[in-house]
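> Everything below, folded, please.
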Amino acid sequence: MIRMLLVEDEDKLVATLIQGLRTAQIEVDAVRTGREGLQSALEGDYDIMVLDIGLPDQEGFTVLRKLRAAGSDLPVIILTARTSAEDTVRGLEKGADDYMAKPFSFDELVARIKLRARPADDDAAPAGIVRVGACDLDPEARTLTCRGNQVPLSPREFQLAQLLMERGGDVVPRAVALEHVWGSATRDNVLDVYIRYLRSHLGADAIETVRGVGYRFVG
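Below you'll find the predicted structure:
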């Protein structure tokens, strides 16, 4: 069972999430302030933290910065009522693994929690294999396998998939992808073309577009 720390001060939302998440086999501890959230995250044995940005004592961004400064790699999903690309980038730069804008779909939140939570030891990828979601990428053999099926990719498609997956499901900015795969940030449209190629192989939902920022591999 996934153990989750919820840092949120809206009582009704907390009650609703606790009830729903427990039925989804996710054990939840909830705190209301950033100070409590940081202390619990550092001292508790959690698989993931869901962190609201608008807390009564300090911004969730501050909590996240302090958590990463303390050396914690606990996966963090931020909740925010702010939907601008600038705020999204700010959260990701400070070490968030994912974000969701309020109001959000409960089913989507559960899916993201299960995707981002620390994997159980028996579900860890073999040495040298990059695993994101249901996909395994072998850089040495240059193969990509999703849901048990090997995916045929061109060298450029493989290079792009490898970049996206090696970020562990984090958002890869467009400029970074263009520079890494093509060595230039000037041919902007070519990235969209190759994202479409990958989606045609993997499914439309395998790669998420983060508007104004870049792309994220979901698998």
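> I'd like to know the average pLDDT value across the longest helix along the chain.
Longest helix in the chain, counting residues (DSSP state H): helix 188-202. Averaged across helix 188-202, pLDDT comes to 90.
> what's next to that helix, contact-wise?
135, 146, 151-154, 156-157, 160-161, 174, 177-178, 181-182, 206-207, 209, 215, 219 (C-beta atoms under 8 Å, 6 or more residues apart in numbering). No exception for glycine: its C-beta is placed from N, CA and C like everyone else's.
> I'd say Leu137 and Leu160 touch.
No: contact criterion C-beta atoms under 8 Å: Leu137 and Leu160 do not qualify, at 11.3 Å.
> Could you chop the chain up by domain?
For the chain, automatic domain parsing gives the domain ranges 2-121, 125-217.
> Low-confidence ranges, this structure, go.
Scanning the chain for pLDDT under 70 picks out the ranges 82-94, 119-127, 169, 185-188.
> Mind doing that once more with 50?
Where the chain drops to pLDDT under 50, the residues are 121-122.
> Tell me where this structure has helices.
In the chain, the helices defined using DSSP H lie at 11-23, 34-43, 60-69, 85-93, 106-116, 155-166, 174-182, 188-202.
> Identify whichever of those lies nearest to Met1.
The closest of the helices of the chain to Met1 is helix 11-23. By C-beta to C-beta, the value is 9.5 Å.
> As a markdown table, the helices of the chain with mean neighbour count and distance to Asp52 would be great.
Converted to a markdown table, the helices of the chain look like this (neighbours: other C-beta atoms under 10 Å; distance: least, C-beta to C-beta, whole Å):
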| stretch | mean neighbour count | distance to Asp52 |
| --- | --- | --- |
| helix 11-23 | 14 | 9 |
| helix 34-43 | 18 | 9 |
| helix 60-69 | 19 | 6 |
| helix 85-93 | 17 | 12 |
| helix 106-116 | 17 | 12 |
| helix 155-166 | 19 | 28 |
| helix 174-182 | 16 | 28 |
| helix 188-202 | 15 | 31 |
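> I'd like those laid out as JSON lines, including distance to Val76.
Output for the helices of the chain, formatted as JSON lines (distance: least, C-beta to C-beta, whole Å):
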{"stretch": "helix 11-23", "distance to Val76": "16"}
{"stretch": "helix 34-43", "distance to Val76": "8"}
{"stretch": "helix 60-69", "distance to Val76": "6"}
{"stretch": "helix 85-93", "distance to Val76": "9"}
{"stretch": "helix 106-116", "distance to Val76": "8"}
{"stretch": "helix 155-166", "distance to Val76": "19"}
{"stretch": "helix 174-182", "distance to Val76": "21"}
{"stretch": "helix 188-202", "distance to Val76": "26"}
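> closest to Leu5 out of those helices?
helix 34-43 (5.5 Å).
> okay, the angle between the closest one and helix 60-69?
30 degrees (axes from the mean of the first three to the mean of the last three C-alpha atoms, to 10 degrees).
> Run through the neighbouring helices and strands of helix 34-43.
Counting contacts by 3 or more C-beta pairs under 8 Å, 6 or more residues apart in numbering; DSSP states H and E, helix 34-43 is packed against strand 2-7, strand 26-31, strand 48-52, helix 60-69.
> With that, I have no additional questions.
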